[in-house]
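next come a sequence and a model predicted from it.
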Amino acid sequence: MDPIDARGDARGDARGDARDDGQEGAEEERGRRGGRFQALHLPLSLAALWLARHDLPAWLLVAKGALDVLIVALWLAGRGRHTRLNVMLSSTTLFALCCLTYDLGGRLITPGTTQALLMIHAVYSAVVVASQVGLLQKRFIADALSFSNLLCGVASMHASSHGEFNTSLLYLLLGAAFDGFDGAAARKFGGTRWGVYSDDVADGVNYGLAPGVALYYLLGGSQGHVEGLIIGSFYATFTISRLVFFTLNKDESDPNYFAGIPSPVGGMIVMCAVVLFRGQPTWVGFLAGVACAQMVSFSTSYRHIGRVFSRDQRTRRVMWGAPLYLVVFLAGAAAGGTRGAAAVVLAAALAYGFLPSALSFVRLLRGGAGGAG
């Protein structure tokens with residue numbers, strides 16, 4: 001090797017090592033700050049849990065409090081690290097508990113939504129604790145979160161069988177949160193050889209079977225009406241087919257795009273339709289058909305939402321709209337409760353689903369106008 005090239009390579013390696021050391025140091029400093037935050041807010045968190053004892057299940061409050069204490073104890077012993085996600089969940093949970101206790105949440109922060117938020121945080125904290133004490137290897141964290149997603153799908157089906165479709169939608173959204181966490185965990189800590197399949201099975205249950213069961217019960221399948229059985233079965237089949245296609249073509253596909261809308265979006269369309277149009281089966285069937293058609297539109301590319309919110313400077317501008325998105329969602333929830341929030345989610349899902357076709361149509365019109373000119 002030429003000496004000049006060798007010196008250049010050495011300088012490049014040194015710069016790379018310095019960047020790695022700097023990133024590790026920054027992560028350690030964030031972990032220390034997160035630990036201090038958790039320790040300082042522990043008394044307030046325990047007090048909020050105590051005050052909410054009349055509104056929420058005792059077992060959930062005890063589990064959440066015990067996990068908070070254990071996480072702080074591990075940090076004080078030098079065995080725990082705290083991420084920004086854990087700090088965010090702690091702050092959000094504390095805020096929800098305070099609003100619920102003093103009746104400041106209106107129609108948005110209800111016992112149901114607060115319980116779902118506590119469950120998300122408790123499961124996430126349990127996975128973190130199990131990893132820190134050595135009971136769970138880091139490469140199994142993603143699988144544990146995928147299993148939590150699957151449990152949410154089972155709970156959603158159980159709620160639908162009792163006609164509690166609002167709760168069913170809540171569990172689907174809860175599962176979607178775990179679905180997002182397991183992808184982040186897999187990228188950060190790695191995964192097992194079965195990780196992709198466990199994720200797809202969980203997605204099939206939460207976004208395929210659970211909405212299909214909701215359609216079955218809403219449209220009278222349990223009362224002998226064949227429409228509920230047919231539409232629910234067709235929707236579940238389309239969703240599972242979409243997941244199989246995605247798994248078989250994952251290595252050849254662009255990671256920044258989906259072929260057809262992803263199954264979480266399809267599940268949200270159907271469950272929001274079930275909540276909004278309980279007495280209008282025509283609209284429910286129509287929107288279920290729209291979700292099925294878009295999920296198997298494999299020739300249409302949809303931007304990966306997680307990649308849009310990446311660190312790429314070109315796409316980070318999308319984050320500037322995050323406060324507006326939150327304001328719109330909160331306004332819908334405040335105006336219409338669960339139905340208002342479902343309407344906002346449905347509108348966003350449909351906009352995402354029709355956006356590529358709308359953009360193609362606009363480009364076609366512009367091309368025609370340019371050719372005519």
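Good, I have the coordinates. Just so it is clear, the model here is predicted, and its values are computed rather than measured.

from here on, just use CA atoms for contacts and neighbour counts.
Fine.

what residues does stretch 223-241 touch?
Under the criterion C-alpha atoms under 8 Å, 6 or more residues apart in numbering, residues 204, 207-209, 211-221, 263, 266, 285, 288-289, 292, 295-296 lie in contact with stretch 223-241.

buried ones among the residues you listed?
Members of those that pass the buried threshold by neighbour count (16 or more other C-alpha atoms under 10 Å) are listed as 204, 207-209, 211-219, 221, 263, 266, 285, 288-289, 292, 295-296.

end to end, how far does stretch 187-202 reach?
Across stretch 187-202, the terminal residues are separated by 18 Å (C-alpha to C-alpha, to the nearest Å).

please flag which of the contacts of stretch 223-241 sit within strands.
When these are checked against strands using DSSP state E, none is located there.

and stretch 275-288, which residues are buried?
Neighbour counts over stretch 275-288 (16+ other C-alpha under 10 Å) mark 275-278, 281, 284-285, 287-288 as buried.

so where do the strands sit in the protein?
Counting by DSSP E, the strands of the chain are 257-259, 301-303.

tell me which of those sits most buried.
Between these, the one whose residues have the most neighbours on average, counting mean count of other C-alpha atoms under 10 Å, is strand 257-259 (a mean of 19).

neighbouring strands - and their directions - for that one?
Each strand that strand 257-259 pairs with, and the sense of that pairing, follows from DSSP bridges: strand 301-303 (antiparallel).

could you pull out the buried residues of stretch 147-156?
Of the residues in stretch 147-156, those buried under the neighbour-count criterion (16+ other C-alpha under 10 Å) are 147-156.

hang on, I meant stretch 252-262
By neighbour count with 16+ other C-alpha under 10 Å, stretch 252-262 contains the buried residues 257-262.

quick one: end-to-end length of it, please.
End-to-end distance for stretch 252-262, by C-alpha to C-alpha: 17 Å.

show me how far that stretch is from its chain's centre.
Distance of stretch 252-262 from its chain centroid, counting by C-alpha atoms, centre = their mean, to the nearest Å, is 17 Å.

state the mean pLDDT of that stretch.
Rounded to a whole number, the mean pLDDT of stretch 252-262 is 80.

ok, residues contacting it?
Where contact means C-alpha under 8 Å, 6+ apart, the residues beyond stretch 252-262 that reach it are 246, 294-304, 307, 353.

and if we set it to 7 Å?
Stretch 252-262 is touched from outside by 294-304, 307, 353, with contacts defined as C-alpha atoms under 7 Å, 6 or more residues apart in numbering.

tell me who's in contact with Asp203.
With the criterion set at C-alpha under 7 Å, 6+ apart, Asp203 makes contact with nothing.

hmm, back to that, so of the contacts of stretch 223-241, which ones are in helices?
Judged by DSSP state H, the subset of the contacts of stretch 223-241 located in helices is 211-218, 263, 266, 285, 288-289, 292, 295.

quick one: the helices in this protein, in order.
Read by DSSP H, the chain holds these helices, from start to end of the chain: 3-51, 58-76, 84-101, 111-132, 141-161, 165-189, 195-203, 210-218, 226-248, 263-276, 281-295, 305-308, 322-372.

winner for burial among those?
Most buried of the helices of the chain, by mean neighbour count (mean count of other C-alpha under 10 Å): helix 210-218, with a mean of 28.

pLDDT at Ala349, what is it?
Ala349 carries a pLDDT value of 90.

once you drop chain neighbours, what's closest to it?
The shortest distance from Ala349 to any residue other than its chain neighbours is 5.9 Å, reached at Val265 (C-alpha to C-alpha, 6 or more residues apart in numbering).

isn't that neighbour right up against Leu350?
No. Using C-alpha atoms under 7 Å, Val265 is not in contact with Leu350, being 8.5 Å away.

adding distance to Lys250 and pLDDT, write the contacts of stretch 252-262 out as a markdown table.
As requested, the contacts of stretch 252-262 are arranged in a markdown table below (distance: C-alpha to C-alpha, whole Å; pLDDT from 0 to 100):
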| residue | distance to Lys250 | pLDDT |
| --- | --- | --- |
| Gln294 | 18 | 89 |
| Met295 | 15 | 89 |
| Val296 | 15 | 84 |
| Ser297 | 16 | 84 |
| Phe298 | 13 | 79 |
| Ser299 | 15 | 80 |
| Thr300 | 16 | 81 |
| Ser301 | 14 | 81 |
| Tyr302 | 15 | 83 |
| Arg303 | 15 | 79 |
| His304 | 13 | 75 |
| Arg307 | 16 | 58 |
| Gly353 | 20 | 89 |
